[in-house]
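1. sequence and predicted structure are below.
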Amino acid sequence: MGRMLGFGQAIGGVIQTAFVVEDVRASIAHFQRDCAAGPFFLLDHFLSDGQTYRGAQSTADVAIAMGFVGHMQIELIQPLDENPSVYRETIGERGYGFHHFGVACEDVDAEMADYVARGYALAFKAAVPTGGSVAYLEGGNMAAPGFLELIPATAGMDTHFTAMWQAAQGWDGSDPVRPFA
């Protein structure tokens, strides 16, 4: 494992568990009520320039919410249109639920080359607001259905995710859905 991030997870390890959901606000309420996660930070729309899905330009828009339970970040992703995506693909194959594990890494492209050498394939890539680009991989010897997301451990990511984690420490239930600013 690599250096520790501000929210207590190591670079090189799983920092996030993600789910594709039908209704992001209902899912936030579930994770808060039944899993003691929160608060959640909501990005109403995520569609950045240059996204690729299976080698072609992606035009799929999604809502994303992130919150913490302990040191694990929970990500909830709601497709907002019918455009082809790794999210619509999962819904079509298995329905709503688990989508991917997120692994923090120093260099997404270098790590991706290593994963590809081990039998993984790139399914989706997108620039993210915290710096760099995420890559969703499939295949390899993944025991769980779903994707593996490589998340760039930039200073912006560490600062942003750490602030979310700090908001969860001793959270009293107030202001349960906050802007992803």
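-> Structure received.
2. please enumerate the helices of this protein.
-> In the chain, the segments counted as helices under DSSP state H are 24-35, 86-94, 108-117, 155-168.
3. any chance of those helices in a markdown table, with distance to Ala181 and mean neighbour count too?
-> The way it works is simple: take the backbone N, C-alpha and C, and place the C-beta from them, glycine included. Formatted as a markdown table, the helices of the chain follow (distance: least, Cβ to Cβ, whole Å; neighbours: other Cβ atoms under 10 Å):
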| stretch | distance to Ala181 | mean neighbour count |
| --- | --- | --- |
| helix 24-35 | 17 | 16 |
| helix 86-94 | 23 | 17 |
| helix 108-117 | 24 | 15 |
| helix 155-168 | 9 | 17 |
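4. mind putting those helices into JSON lines with distance to Gly55 and mean pLDDT?
-> What follows is the helices of the chain, written out as JSON lines (distance: least, Cβ to Cβ, whole Å; pLDDT from 0 to 100):
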{"stretch": "helix 24-35", "distance to Gly55": "28", "mean pLDDT": "97"}
{"stretch": "helix 86-94", "distance to Gly55": "13", "mean pLDDT": "96"}
{"stretch": "helix 108-117", "distance to Gly55": "14", "mean pLDDT": "95"}
{"stretch": "helix 155-168", "distance to Gly55": "26", "mean pLDDT": "96"}
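5. so Ala65 makes contact with Phe40?
-> Yes. Here Ala65 lies in contact with Phe40, judged by Cβ atoms under 8 Å, at a distance of 4.4 Å.
6. quick check: neighbours shared by those two?
-> Here Ala65 and Phe40 share the contacting residues 28, 76, 177, scored by Cβ atoms under 8 Å, 6 or more residues apart in numbering.
7. circling back: quick one: closest of the helices of the chain to Leu137.
-> For the helices of the chain, distance to Leu137 was read as Cβ to Cβ. The smallest value, 5.3 Å, belongs to helix 108-117.
8. so which elements touch that closest one?
-> Based on contacts counted as 3 or more Cβ pairs under 8 Å, 6 or more residues apart in numbering; DSSP states H and E, the elements that helix 108-117 packs against are strand 120-127, strand 133-139, strand 147-152.
9. stretch 19-27: end-to-end distance?
-> Taking Cα to Cα, to the nearest Å, the first and last residues of stretch 19-27 lie 9 Å apart.
10. now do the contacts for the nearest residue to Phe40 once chain neighbours are set aside.
-> Once its chain neighbours are removed from consideration, Phe40 has its nearest residue in Gly67; the separation is 3.8 Å (Cβ to Cβ, 6 or more residues apart in numbering). Taking Cβ under 8 Å, 6+ apart as the definition of contact, the neighbours of Gly67 are 28, 31-32, 37-41, 73-74, 164, 168.
11. good, we can wrap up now.
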